[in-house]
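Peer 1: Model the following, please.
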Amino acid sequence: MPHSSTTDPRAPRPVRRRHIRSASLLGLLVGLTACDGNFDMDMRRFAPGGLSTTAAAEGATTAARPKADARGVISYPGYQVAVARRGDTVAQVASRIGMAPAELGRYNGISVEARLREGEVLALPRRVAESASGVIQPNDNIDITTLAGDAIDRSSNSAAQPAAPSSGEQPTRHQVKRGETAYSIARKYGVSVRALADWNGLGASLDVREGQYLMIPVKVAAPVQTASVSTPGQGSATPTPPSATTPLPKDEKVPKKTSAPTSPKLEETRTTASTARMSLPVPGKVTSLFDAEKAGYILVSAKPGTAVKAAASGTVRLVSKDVEGEEIVVIDHGDGTQSAYSFVEGIKVKKGQKVKRGQQIASASKNQYNAIQFLVFKGTEPVDPMPYLN
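Peer 2: Residues are numbered from 1 along each chain as shown. Sure thing, here's the model as predicted:
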């Protein structure tokens with residue numbers, strides 16, 4: 001398998017400050033204000049037409065990672081991996097499994113003195129002695145299937161889900177390519193980013209390295225939950241029928257549907273001395289308003305080639321492409337506030353560059369909406385951009 005020579009010069013250092021929120025957004029999402037790694041702006045989550053794969057990935061049931069032997073080795077028919085202990089370096093793991101540290105570090109694109117996280121997985125370039133229990137084989141009673149399209153009932157009234165079943169199925173092994181993140185890899189295989197992190201010991205930051213090998217969590221069939229059936233004559237009592245002497249309730253008039261409000265014409269009301277915290281990136285009309293449940297963005301009409309400008313002063317935090325190939329610019333404005341711009345091309349800024357409000361950062365691309373996509377984040381949550389613009 002091809003190998004990247006890119007190394008990760010990690011060395012012992014103080015634990016970085018992390019901000020972790022609940023697993024309601026792609027399992028575990030680290031805020032832009034605290035994440036040193038790649039920020040995966042999944043524009044499909046906000047795309048018109050509902051292209052997000054998040055719900056499908058969260059609905060997939062994955063098995064627990066098999067336990068390693070006393071050395072930390074997990075043996076599959078096609079490959080082996082080593083699981084790090086607390087405080088391990090690459091050299092210590094190599095010594096424990098009987099392998100040259102340089103060989104192990106080079107294969108995983110990491111320094112031999114790099115400090116590993118507890119549970120972090122290293123791919124082995126060649127096989128070492130098998131454990132006493134031998135090579136892991138698939139369980140005959142486990143039905144392996146693709147469940148990305150199935151949703152698990154997560155209502156508050158449902159019973160707690162049982163512990164993840166084990167499986168001997170050999171996981172797919174994925175080598176991280178340039179530009180990939182834990183989020184994009186999890187979406188590619190239809191698993192949750194939390195499961196991907198648990199299987200590979202990625203930690204809260206979810207950082208991955210170019211050339212790193214990751215095990216893709218094995219999907220297993222979710223247990224079928226059957227409703228209990230009462231024996232005839234048992235169960236709840238028969239309700240008392242309504243009295244025939246009681247008049248039926250009067251029909252209630254159905255209120256008339258109100259039409260949706262027209263898009264605000266901000267470009268006609270904004271003054272040159274506007275005190276708004278942000279300005280529209282392009283001088284067009286807002287054609288689609290923010291909807292926290294369906295659309296975490298607004299669309300602003302723009303002809304191809306229209307200059308897209310920074311909504312406020314700040315620092316360029318990200319210049320990249322999403323998994324659909326759409327170019328993205330993210331600007332950090334401080335105080336946990338970021339703005340994001342998509343449906344753009346010809347990006348004129350670089351990551352880390354300081355920009356001023358009104359400075360051109362890109363041009364509008366040709367797309368089916370004849371618009372650009374504009375988002376505002378507070379921490380990790382998309383918020384309505386309109387209060388910032390008014």
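
Peer 1: Gln92 versus the closest residue to Val308 other than its chain neighbours, what's the distance?
Peer 2: Once flanking residues are discounted, Val308 sits nearest to Ala362: 4.5 Å by CB to CB, 6 or more residues apart in numbering. Just so you know, the C-beta spots here come from the backbone N, C-alpha and C atoms, and that holds for glycine as well. Distance, Ala362 to Gln92, using CB to CB, to the nearest Å: 47 Å.

Peer 1: Just want to know which of those two has more residues nearby.
Peer 2: Taking other CB atoms under 10 Å, Ala362 and Gln92 do not tie; Ala362 has more neighbours (25 against 17).

Peer 1: give me the element that one is part of.
Peer 2: If you go by DSSP states H and E, Ala362 is part of strand 360-364.

Peer 1: got it, and Ser339?
Peer 2: Take DSSP H and E as the rule and Ser339 turns out to sit in strand 337-345.

Peer 1: That strand vs strand 360-364, what angle?
Peer 2: 40 degrees (axes from the mean of the first three to the mean of the last three CA atoms, to 10 degrees).

Peer 1: Need the CA coordinates for strand 337-345. CSV is fine.
Peer 2: Extracted C-alpha coordinates of strand 337-345, given in CSV (Å, rounded to 0.1, in the frame of the first residue of the first chain):
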residue,chain,number,x,y,z
THR,A,337,-18.0,34.5,16.1
GLN,A,338,-17.2,33.2,12.6
SER,A,339,-18.7,33.8,9.1
ALA,A,340,-18.6,31.3,6.3
TYR,A,341,-18.9,31.9,2.5
SER,A,342,-19.7,29.2,-0.1
PHE,A,343,-20.8,29.0,-3.7
VAL,A,344,-17.6,31.1,-4.4
GLU,A,345,-14.6,30.8,-6.6
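
Peer 1: Can you list the strands that that strand pairs with?
Peer 2: Here strand 337-345 has these sheet partners by DSSP bridges: strand 327-332 (antiparallel), strand 360-364 (antiparallel), strand 371-378 (antiparallel).

Peer 1: check contacts around the residue nearest to Val308.
Peer 2: The contact partners of Ala362, by CB atoms under 8 Å, 6 or more residues apart in numbering, come to 308, 327, 329, 341, 344-349.

Peer 1: and with 7 Å instead?
Peer 2: Going by CB atoms under 7 Å, 6 or more residues apart in numbering, Ala362 touches 308, 329, 341, 344-348.

Peer 1: One more: Lys303?
Peer 2: 364, 370.

Peer 1: Look up how far Pro387 lies from the closest residue to Thr62 other than its chain neighbours.
Peer 2: Leaving aside its chain neighbours, Thr62 sits nearest to Pro217 (3.9 Å; criterion: CB to CB, 6+ apart). Look at Pro217 and Pro387: by CB to CB, they are 40 Å apart.

Peer 1: Okay then, goodbye and thanks.
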